[in-house]
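Undergrad: any chance you could fold what I've pasted below:
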Amino acid sequence: MKNILFLISILILFGLYIYFDSTGLLETFFDTKELKNAVQELGVLGPIAIIILMTTAIVLAPLPSAPIALIAGALYGHLWGTIYILIGAELGAIIAFGLARYFGHKFLNKWIDTEVISRRFLGSQNVIMGIVFISRLLPFVSFDLVSYAAGLSSISAWRFAIATLAGIIPASFLLAHFGEEFSSFNAERIVISVLVLGCIMALPFVIKICKGRLSV
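TA: Now for the predicted structure:
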């Protein structure tokens, strides 16, 4: 039964990829301007589209989610843009976690004790929860891969959901903010936003370098 469900899931994902590719939606994912226009044309259904797109982009790992988040900010502003990003990202993360937990985790348990491996190399559930939370704060760590990897660990679903939600709030707000700023066409505001984004991206590397020098 599990093998059948796994096969059905693979076929659904493959079918979605073929559908997106044949209808041109796959190219739209990589074209921010076209994607923004498509969402805008949906009117009141636009927010639902943003949530679905965010969820899909996370479950189907190769699809980029950052452009969708920027569009959410550009169309709906700081507050609502952040809310739509949060809902979509959280749903996508939970689905990815669930797929890995249901299929991958149970498959691995046939060969190794994932509970023992997780405790030995990752620590307690609180430690894993902290790792998930911190990974959500780091822009260069793959959101999708962390979700799938967490599903293979021993962390409980509710701990994963809380750590993910808490960790993605800052990034969701920043992406919504930058999306709104970029859509303002105000050169000064755009330059400031780019500089702030650059500083945020560089911060983890600066901290790492400083720690390295202090430990010498």
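Undergrad: what separates the closest residue in space to G167 that isn't next to it in sequence from G46, distance-wise?
TA: Setting aside the residues directly before and after it, G167 is nearest to R136 in space (C-beta to C-beta, 6 or more residues apart in numbering), at 2.5 Å. Any C-beta I mention is one placed from the backbone N, CA and C, and that applies to glycine too. Distance, R136 to G46, by C-beta to C-beta, to the nearest Å: 26 Å.
Undergrad: of these two, who's got more company?
TA: R136 (24 against 19; other C-beta atoms under 10 Å).
Undergrad: secondary structure element for that one, which one?
TA: helix 125-137 (DSSP states H and E).
Undergrad: count the neighbours of W158 for me.
TA: 9.
Undergrad: now the angle from the one helix or strand it maps to to helix 125-137?
TA: For W158, the host element (DSSP H and E) is helix 157-183. Orientation check (axes from the mean of the first three to the mean of the last three C-alpha atoms, to 10 degrees): helix 157-183 against helix 125-137 gives 10 degrees.
Undergrad: could you check helix 157-183 and say which residues are buried?
TA: 159-161, 163-165, 167-169, 171-183 (16 or more other C-beta atoms under 10 Å).
Undergrad: which residues are contacting stretch 76-95?
TA: By C-beta atoms under 8 Å, 6 or more residues apart in numbering, the surrounding residues in contact with stretch 76-95 are 46-47, 50-59, 65, 68-69, 72-75, 143-144, 147, 157, 160-161, 164-165, 168-169, 172-173, 175-177, 179-180.
Undergrad: low-confidence ranges, this protein, go.
TA: Applying pLDDT under 70 to the chain picks out residues 1-10, 13, 16-17, 19-31, 62, 105-123, 139-140, 182-216.
Undergrad: in it, which helix is the longest?
TA: helix 66-99 (DSSP state H).
Undergrad: now the angle from that one to helix 125-137?
TA: Using the same axes, to 10 degrees: helix 66-99 against helix 125-137 is 160 degrees.
Undergrad: my guess is the residue nearest to G167 meets I162, correct?
TA: No - using C-beta atoms under 8 Å, R136 is not in contact with I162, being 11.1 Å away.
Undergrad: tell me what the helix holding W158 is packed against?
TA: helix 66-99, helix 125-137, helix 143-152, helix 187-215 (3 or more C-beta pairs under 8 Å, 6 or more residues apart in numbering; DSSP states H and E).
Undergrad: mind listing what's buried in the third one?
TA: Yep, that's helix 143-152 we're talking about. Neighbour-count burial for helix 143-152 [16+ other C-beta under 10 Å]: 143-144, 146-152.
Undergrad: touching, T32 and G73? I think so.
TA: No - if you go by C-beta under 8 Å, T32 and G73 don't touch, sitting 11.8 Å apart.
Undergrad: between the two, tell me which one has more neighbours.
TA: Neighbour count, other C-beta under 10 Å: between T32 and G73, G73 has more, with 27 against 18.
Undergrad: right, I'll call it a day here.
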